[in-house]
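Participant: Structure, please.
(chains A, B, C, D, E, F, G and H, ligands or ions: 12)
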8 protein chains.
Amino acid sequence: DFAHIDHHRSLRKGFPEVIFGEGKSAAQIVGIMERMQLQEQVLLVTRVDAVKAAAVLERFAEARYDTEARMIVWQRAPLPKTGLGTILVVSAGTSDIPVAREACLTADAMGNVVKSVFDVGVAGIHRLMAHRSLLEEARVLIVVAGMEGALPSVVAGMVSRPVIAVPTSVGYGVNLGGLTALFGMLTSCSSNVAVVNIDNGFGAGYMAASINQP
Amino acid sequence: DFAHIDHHRSLRKGFPEVIFGEGKSAAQIVGIMERMQLQEQVLLVTRVDAVKAAAVLERFAEARYDTEARMIVWQRAPLPKTGLGTILVVSAGTSDIPVAREACLTADAMGNVVKSVFDVGVAGIHRLMAHRSLLEEARVLIVVAGMEGALPSVVAGMVSRPVIAVPTSVGYGVNLGGLTALFGMLTSCSSNVAVVNIDNGFGAGYMAASINQP
Amino acid sequence: DFAHIDHHRSLRKGFPEVIFGEGKSAAQIVGIMERMQLQEQVLLVTRVDAVKAAAVLERFAEARYDTEARMIVWQRAPLPKTGLGTILVVSAGTSDIPVAREACLTADAMGNVVKSVFDVGVAGIHRLMAHRSLLEEARVLIVVAGMEGALPSVVAGMVSRPVIAVPTSVGYGVNLGGLTALFGMLTSCSSNVAVVNIDNGFGAGYMAASINQP
Amino acid sequence: DFAHIDHHRSLRKGFPEVIFGEGKSAAQIVGIMERMQLQEQVLLVTRVDAVKAAAVLERFAEARYDTEARMIVWQRAPLPKTGLGTILVVSAGTSDIPVAREACLTADAMGNVVKSVFDVGVAGIHRLMAHRSLLEEARVLIVVAGMEGALPSVVAGMVSRPVIAVPTSVGYGVNLGGLTALFGMLTSCSSNVAVVNIDNGFGAGYMAASINQP
Amino acid sequence: DFAHIDHHRSLRKGFPEVIFGEGKSAAQIVGIMERMQLQEQVLLVTRVDAVKAAAVLERFAEARYDTEARMIVWQRAPLPKTGLGTILVVSAGTSDIPVAREACLTADAMGNVVKSVFDVGVAGIHRLMAHRSLLEEARVLIVVAGMEGALPSVVAGMVSRPVIAVPTSVGYGVNLGGLTALFGMLTSCSSNVAVVNIDNGFGAGYMAASINQP
Amino acid sequence: DFAHIDHHRSLRKGFPEVIFGEGKSAAQIVGIMERMQLQEQVLLVTRVDAVKAAAVLERFAEARYDTEARMIVWQRAPLPKTGLGTILVVSAGTSDIPVAREACLTADAMGNVVKSVFDVGVAGIHRLMAHRSLLEEARVLIVVAGMEGALPSVVAGMVSRPVIAVPTSVGYGVNLGGLTALFGMLTSCSSNVAVVNIDNGFGAGYMAASINQP
Amino acid sequence: DFAHIDHHRSLRKGFPEVIFGEGKSAAQIVGIMERMQLQEQVLLVTRVDAVKAAAVLERFAEARYDTEARMIVWQRAPLPKTGLGTILVVSAGTSDIPVAREACLTADAMGNVVKSVFDVGVAGIHRLMAHRSLLEEARVLIVVAGMEGALPSVVAGMVSRPVIAVPTSVGYGVNLGGLTALFGMLTSCSSNVAVVNIDNGFGAGYMAASINQP
Amino acid sequence: DFAHIDHHRSLRKGFPEVIFGEGKSAAQIVGIMERMQLQEQVLLVTRVDAVKAAAVLERFAEARYDTEARMIVWQRAPLPKTGLGTILVVSAGTSDIPVAREACLTADAMGNVVKSVFDVGVAGIHRLMAHRSLLEEARVLIVVAGMEGALPSVVAGMVSRPVIAVPTSVGYGVNLGGLTALFGMLTSCSSNVAVVNIDNGFGAGYMAASINQP
Ligand SMILES: Nc1ncnc2c1ncn2[C@@H]1O[C@H](COP(=O)(O)O)[C@@H](O)[C@H]1O
Ligand SMILES: Nc1ncnc2c1ncn2[C@@H]1O[C@H](COP(=O)(O)O)[C@@H](O)[C@H]1O
Ligand SMILES: Nc1ncnc2c1ncn2[C@@H]1O[C@H](COP(=O)(O)O)[C@@H](O)[C@H]1O
Ligand SMILES: Nc1ncnc2c1ncn2[C@@H]1O[C@H](COP(=O)(O)O)[C@@H](O)[C@H]1O
Ligand SMILES: [Mg+2]
Ligand SMILES: [Mg+2]
Ligand SMILES: [Mg+2]
Ligand SMILES: [Mg+2]
Ligand SMILES: [Mg+2]
Ligand SMILES: [Mg+2]
Ligand SMILES: [Mg+2]
Ligand SMILES: [Mg+2]
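Facilitator: Numbering: from 1, shown residues only, chains lettered A, B, ... in the order given. Ligands and ions are numbered 1, 2, ... in the order given. Predicted structure coming up:
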């Protein structure tokens, strides 16, 4: 059998397994969703392209597909907002928005109030300064950036709360598919920063939600 | 002048600048400590070798030097334990203990109750299982591992709370000075994981403390 | 002439040359098979896409093409099962199955009883524990995993028999096309582990068969 | 406590935990040996330099230190030779001998008959041909090579038995500390080859012994 | 103007500039050929795909396009065979033939007698031994190999003449697009070996011709 | 909102934000241009393919699209030529011209007199010598090269003015997508050289313009 | 003879050859200085340790050795200050000061007014803001930073003048000896930035001086 | 036994095995020399430090040690000069001289007339031009360079004879221990170039001698 679903996960971790859509056929995704749906309140599928998503939504008409985040969200009913505070998602450029939205949707589905501010990169630092109170009010921050990935250091230097840094593969040349942003974030001279994999908006949203749990 | 101390930091972030000891002379460290001491309750210096530490402690007799963690801690009085819950530090091997202790001392100095369990790597997975309740009770977990860095995935799969993964440079050959452990942790198939730089026990302790703030 | 077939190989090594399908035309594959068929009982072609396979099967109607493993197997008659014990193939995720099947088919064609268990990755370690007796009964184990590649360490820690670890290119970001899983497996803290190239299910099956020889 | 010994390992795996000497003090090694000695027949310590070894042997006078392999072996009595056949250790150059000996000593301590032939690299291929019958009689082969690491491919092409390839860090320039030999071995055009970490003679000996088990 | 032809090159170096076809349009190639043809006896264009080649041959009907080597050769009349001896081109596998042929065509067009033997890789070393006299008679050898790139070391160990080693990008996983074969050849334990860029059959043929000059 | 335009930039830096076209839709580009046009005299969009450019030019008929440089330039009226001297753009090969032209167009739009000389690489060094006076007259030089990237060292050795070196991704094998040219330029043995990212003609033009400011 | 001095360089480039001290003996350095002194007004030697410097100063008593910058400066008389404006050297941390000083000394010796401000990294961005007018008044800026190397982007976003970015090897883990800072600077989202090699303060000072020439 | 001398080599290849001194003790070197001396006319030992060399010369008083090249040469009598023409060794900088001398000594010992010219790097290209006739008269050229490794391209562009390029590890930062020079040489836009390993002066001398054989 192709899938060994971890049915015990929502008991153990408070949230069911999330289906990694890349490399699975629509039929496999539907098969897994059908089995999980029997016991779960919410299902997420990440990294699904539009064609596969359409096939899945034929079977699950009540699910929603977000084109930018490339995610499917199915919910019996939205989970109550139980997070301790607000989760703020900040992006450095316009091109980083798809990854930022994957983080927003994940944290939202896990029961959090999520706010966002996009395209406030360090080449015009006053744009960030203009949002200072938004930054200071958040309980957890997610900062998404490509190219040299400098934004999380600057943001983390302005707040006391934890910052989850998400490098993106946006850029060219020695951006190296996001490695440069990743390594920059890991060597951040601010200390309230931890990092997830390149383009892993999902993981950032999940980690932020686990931090924001009561 | 060689140092531009960020005197505003404890207001903004709740904790003063921490002094990175590597590449500074004992005289420079003492100079910075003297100026900071005027306004702060606690001072940390990381990555200090024993010789430099001895020179610093001649001037600051009341400071404490931890040989394993290679840290100096100076406190007017210990900060009250204000963290929301317990921070648990887990290490995979005996050789990872110096990094683990740097995390313990940092989180402790920042006002947290810290527990630890060492040498419970995945080659004998039952050793970890024996500590299941300790894992489940922690509010934040720090997991330190070298070699293939598999431990954070397994631990994070057992709990719902956030896990800060710390790769170490322990190993040889394709361990690549810790890059393999780092990349393994970033591609973890558990989602409540975020990662700090290789051997950065300090950053893990700081991030855990910022998560554990009330 | 384009191919210098090693006709002596089945005498020397007990199994004929296996044809590497990538970068060869269907005509070249057919040409080599025709010459080898004169003296061999079994022929394998690896890394063949469906289009090329169809062209080959027009000439060799009695051969079988496996879509998932992308292999062609032609046998005069199945070889007798001469292996000393069972070969068990374990995979960490659903997406690793194609590589795992390539291993299964190779070891099977070389005269071995092959069993398998799929999608038992370390994020829910109890799934693996449920198959403990299957693991303990095998004489050789093949463990296939992508992402951080942690599964072989855990499996090898549970058994005394040799484990062949196969990294896959499943993942993104610092998975680095499978390098991270590969390096993790090579620095495994379990010692009864040896490793083959990324996505090399064929090599793992062949090595396991050579270990399992009477 | 600094060490969490896996006392269950010799039951589970037929051989006790092996102590990784690098980064442990002589006192820590002695402490672990004292506790393990109560229940085990044999103890191995790897990667120990001469100074540390002398300190350990003061407490364990009956243990033996091998200067070339940098290993300590302590045995209540030599284990009986239970292996199915002979294990042959082949090295490409004179400089690879330390790694080759680590493999020999490990396999020997685990109850195997071990033979060896050194300095038969591919620049004078007739030297290898002269040992053809030795190669053909072995049940498991370990081939150790630095530089371009070509020897395992050639040896594995001559025999039907499994070959464990061990890359060494011997060389300079694009040898890259052994990565070139490692990658060469992983892309070997012979199929009865699996690979261990750079300079990991211990792992090769252990894997060979696990293959050679009855 | 897009091209600054080095009209002086055939005087200085005995052979005209060779046109690098990649990234040039058919029109650009034709333009350069028209200008060069006024003064040269022979023109080579490398790395041309079939579509571009067809467009070029419409204008230069007397030129010849080799599909495998992806080269265009235009000659007023074949150059006399002035080389000191024979150039032998050896390839390890069938998939390395395109690169090997690029070397053959280049050396041939530069006035050399070229022989070749293909698919004699090290996994069946007797295939190479069978051609020993061919190897010994050549004045310059070109050895083309992918995967682990071991063949040049073995060949160079058998002859006293210079060997030009050409790594190819044939392989997968840690073949790393040919880097592994390249690094293996550069760390060859035979000393009469020098190396050209990955897949650079042209450069190998040119270098061999420059060595074979009277 | 997807874009947070830095409206203050032309005041602060003398030139408005330049739109990075890669990863933006035509609609997004048009949206940003419409808002910026209200206050700016000139707009540049880089890295735009022909399809997207056509869509943008439907709305901005007076803009110009350069196919080779893949740039859109919109100007209310050409800026006056205010630069201190001439900017000279030199390219090593024919294939480097697209990057060189991106530099030319950028520096030109920013108010500079720009000259160029293409295809004067180091394999025929006399071609460069023929342009010696052009080199010596320039106030800033931009040197664009792929492959081994040797040209900037040679040019910078001939002049006293600053040289901006631009590596391109032209080449194959160990060119490594331009990394080799980049690293060669950074280790140049001439000292009046600074470097921009691979294929970043835009950045080189912008930097040259900022140097050439009165 | 070991050195082929480029006596023509001060004519061609306005400044004599600078001696690279690393890997030369004190005797070799003295020998080169003696020959150059006959015709030059100023001599620089970079990367000289204190022991070698002492030996050189025994022969050239009027030269000056800077311990931090590890440079020897010998001048017949200071060159007049001919630069167009001020060169400002900014450093991110205290540990970057040696590299920053090498830049200061070089630009100063070449006839420029040099100012500096140190330890104003991005973790406390207000420290930089406090020096805004200093930044805006400079004609050329040199920004030196290790770790994630974010400072040049922020500085360049605040000014219209050219910024020379200098990555340092300060840091650990994925700092990778300065590669991370280097790559971050090359992918800067500010455009008036060009970069020199890791720790190359000398090159930055030289390039700034060549920009600042009248 | 630690060494398996290839006594057949001087018959097969015209020159005996050369002893790689690194990682061998003086006793091992002496032992090998004693056995080889019985049948050979000349013995070379490479990569020997001064201490080991002294110990070897105590036993072989008639051998000569070259401090710069770190080689031992023992000859019954100098071989006659049988090479077809002159071998010219060119170096880019003063620091590359040790590697260049290793090449000179090797080619000389193998029976060749060797000339050399040092420190003629590309930053002052006229220095090279001054030696044009020397370059044109050589039958084989060896070009040694560190940093960006541009010299072989320029030299090879000036002559029709084969050029052996030798990258050195001289430099810092992105020189990457010589990898940058190596890759630059492999992507040379001149075609009569082949390359040996970083710092491998010995291999370059040997290859040049094998080319220069009658
Ligand atoms: N986009 C994603 N990135 C990383 N991990 C993911 C992603 N989506 C799902 N996962 C994790 O992947 C695992 C499921 O993998 P699979 O069994 O292949 O569906 C679950 O543990 C998820 O938490
Ligand atoms: N030289 C070695 N290379 C790789 N693994 C080793 C080596 N020596 C011991 N080990 C393994 O390391 C583990 C013990 O690690 P530790 O708990 O740090 O002593 C055991 O699982 C051993 O099997
Ligand atoms: N396939 C090839 N690989 C490497 N260099 C080549 C190749 N084909 C032509 N060249 C060289 O590329 C240069 C011409 O480049 P271009 O001016 O871009 O046509 C000449 O110096 C040739 O010797
Ligand atoms: N081709 C390019 N390469 C590097 N940076 C660019 C390029 N084009 C525009 N930029 C910069 O990218 C920034 C705009 O990014 P965005 O907000 O994503 O449009 C501006 O600061 C530009 O100066
Ligand atoms: Mg923007
Ligand atoms: Mg342990
Ligand atoms: Mg699963
Ligand atoms: Mg030998
Ligand atoms: Mg074949
Ligand atoms: Mg050209
Ligand atoms: Mg500071
Ligand atoms: Mg010089």
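
Participant: Tell me the spacing between the closest residue to ligand 4 within chain A and E:M71.
Facilitator: Residue of chain A nearest ligand 4, by CB to the nearest ligand atom: A:G93 (3.8 Å). C-beta here means a position set from N, CA and C on the backbone, and glycine is covered the same way. Distance, A:G93 to E:M71, using CB to CB, to the nearest Å: 44 Å.

Participant: So which residues on chain A come close to chain C?
Facilitator: A:1-4, A:6, A:8-9, A:17, A:20, A:22-24, A:28, A:169, A:178-179, A:182, A:197-200 (CB under 8 Å from any CB of the partner chain).

Participant: Is there proximity between the one helix or strand A:A107 maps to and chain F?
Facilitator: Assigned by DSSP states H and E, A:A107 belongs to helix A:97-109. Yes: with CB under 8 Å from any CB as the criterion, chain F is reached by helix A:97-109 at A:I97.

Participant: any idea where the helices of chain A begin and end?
Facilitator: Applying DSSP state H to chain A gives helices spanning A:9-13, A:26-37, A:50-59, A:97-109, A:126-129, A:132-137, A:151-156, A:179-186, A:201-211.

Participant: okay if I get the ones you listed as JSON lines plus mean pLDDT and mean neighbour count?
Facilitator: Rendered in JSON lines, the data for the helices of chain A read as follows (pLDDT from 0 to 100; neighbours: other CB atoms under 10 Å in any protein chain shown):
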{"stretch": "helix A:9-13", "mean pLDDT": "88", "mean neighbour count": "17"}
{"stretch": "helix A:26-37", "mean pLDDT": "95", "mean neighbour count": "17"}
{"stretch": "helix A:50-59", "mean pLDDT": "98", "mean neighbour count": "15"}
{"stretch": "helix A:97-109", "mean pLDDT": "97", "mean neighbour count": "25"}
{"stretch": "helix A:126-129", "mean pLDDT": "88", "mean neighbour count": "17"}
{"stretch": "helix A:132-137", "mean pLDDT": "95", "mean neighbour count": "13"}
{"stretch": "helix A:151-156", "mean pLDDT": "96", "mean neighbour count": "29"}
{"stretch": "helix A:179-186", "mean pLDDT": "97", "mean neighbour count": "30"}
{"stretch": "helix A:201-211", "mean pLDDT": "98", "mean neighbour count": "29"}
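
Participant: Distance to C:A100 for these - can I get that in JSON lines?
Facilitator: Below are these laid out as JSON lines (distance: least, CB to CB, whole Å):
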{"stretch": "helix A:9-13", "distance to C:A100": "23"}
{"stretch": "helix A:26-37", "distance to C:A100": "15"}
{"stretch": "helix A:50-59", "distance to C:A100": "23"}
{"stretch": "helix A:97-109", "distance to C:A100": "29"}
{"stretch": "helix A:126-129", "distance to C:A100": "48"}
{"stretch": "helix A:132-137", "distance to C:A100": "47"}
{"stretch": "helix A:151-156", "distance to C:A100": "38"}
{"stretch": "helix A:179-186", "distance to C:A100": "29"}
{"stretch": "helix A:201-211", "distance to C:A100": "25"}
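
Participant: would you turn these into JSON lines with distance to chain B?
Facilitator: Formatted as JSON lines, these follow (distance: least, CB to the nearest CB, whole Å):
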{"stretch": "helix A:9-13", "distance to chain B": "4"}
{"stretch": "helix A:26-37", "distance to chain B": "15"}
{"stretch": "helix A:50-59", "distance to chain B": "21"}
{"stretch": "helix A:97-109", "distance to chain B": "9"}
{"stretch": "helix A:126-129", "distance to chain B": "14"}
{"stretch": "helix A:132-137", "distance to chain B": "9"}
{"stretch": "helix A:151-156", "distance to chain B": "9"}
{"stretch": "helix A:179-186", "distance to chain B": "4"}
{"stretch": "helix A:201-211", "distance to chain B": "4"}
